[in-house]
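# Sequence below, structure please.
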Amino acid sequence: TFPLGSWMGEFEVTQREYEKVTGSNPSCFKGDPSRPVEFVSWDEATAFCARLTQTEFLAGRLPAGFAYRLPTEAEFEYTCRAGTTNRFSFGDDLNYSQIPDYAWYSENSGLTSHPVGQKRPNGFGLYDMQGNVWEWCSDWYLDHYLGGAVEQPTGPATGQTRVFRGGGWDYRASTCRSAYRNNVSPSQRRLYVGF
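This is a model prediction of the structure:
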């Protein structure tokens, strides 16, 4: 449960947004700035969030005590599921007949990212929570979840790799499941991972 609540961006961070804040665009799939930024490390994603927080606070658009940040893994899964307990936010889709309406993945992506918001949103009105580019979470990776009910859960305090979730243009449809997880070193870049 999340008694403190949080907000999540409607779309993945685009190349246009990333370049506006950082002055650079590390993406491999350039040409359309409305594509999600990718080939960005966890370290770079968190630096972007810190810089955006400072910029928006100084401009008077962000109240004191608020900050832009990566979601925890639990927040990502909760938001991705959009109030459901199914394999995907839109249902179990055992034969993967509905997933093309909601996600870009290896079988329909042409092995490239796509401009954000082209597929159907989930039940919370958020786009590309499943597919397009994988998305960094704030947590260190742990092989398994701890059991039991937890309030405002966060991952382990230390680790070697960081979590990314949501599936992407480079993997099969099954990896777009709400519960599917992956991980890599926070300093590494992948052309299929954004935030």
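
# There's contact between Asn108 and Tyr102 in this structure, I believe.
No: if you go by Cβ atoms under 8 Å, Asn108 and Tyr102 don't touch, sitting 10.6 Å apart. C-betas here are computed from N, CA, C, even on glycine.

# Of all the residues in the helix ranked longest in the chain, which ones are buried?
In the chain, assigned by DSSP state H, the helix with the most residues is helix 42-58. Buried residues in helix 42-58, counting neighbours by 16 or more other Cβ atoms under 10 Å, are found at Trp42, Glu44, Ala45, Thr46, Phe48, Cys49, Leu52, Glu56, Phe57.

# Tell me which residues touch the spatially most central residue of the chain, please.
With distances taken as Cα atoms, centre = their mean, Glu135 lies nearest the centre of the chain, 2.9 Å away. By Cβ atoms under 8 Å, 6 or more residues apart in numbering, the contact list for Glu135 reads Glu12, Phe76, Met129, Phe164, Arg165, Gly166, Val193, Gly194, Phe195.

# Give me the phi and psi for it.
phi -130, psi 130 (degrees, to the nearest 10).

# What's opposite it in the beta bridge?
Beta-bridge partners recorded for Glu135 (DSSP bridges): Arg165, Gly194.

# hang on, the earlier thing: distance to Gly155 for the buried residues of helix 42-58 - can I get that in CSV?
Below are the buried residues of helix 42-58 laid out as CSV (distance: Cβ to Cβ, whole Å):
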residue, distance to Gly155
Trp42, 12
Glu44, 19
Ala45, 16
Thr46, 14
Phe48, 20
Cys49, 17
Leu52, 22
Glu56, 26
Phe57, 26
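
# Nearest to Asp139 among those residues?
Trp42 (10.2 Å; Cβ to Cβ).

# Does that closest one touch Asn183 like I think?
No: Trp42 is beyond contact range of Asn183, at 9.9 Å (criterion: Cβ under 8 Å).

# joint contacts of the two?
Common neighbours of Trp42 and Asn183, using Cβ under 8 Å, 6+ apart, are Arg162.

# one step back: more neighbours: which of Asn108 and Tyr102?
Set side by side, Asn108 and Tyr102 show more neighbours around Tyr102, with 22 against 15, by other Cβ atoms under 10 Å.

# you'd agree that one is up against Gly117?
No: judged on Cβ under 8 Å, Tyr102 makes no contact with Gly117 at a distance of 11.8 Å.

# what's the overlap in contacts for those two?
Counting by Cβ under 8 Å, 6+ apart, nothing touches both Tyr102 and Gly117.

# Please name the nearest non-neighbouring residue to Phe124.
Ala82 (4.3 Å; Cβ to Cβ, 6 or more residues apart in numbering).

# Just to check, the one you found is in contact with Phe76?
No: with contact defined as Cβ under 8 Å, Ala82 does not count as touching Phe76 (11.7 Å).
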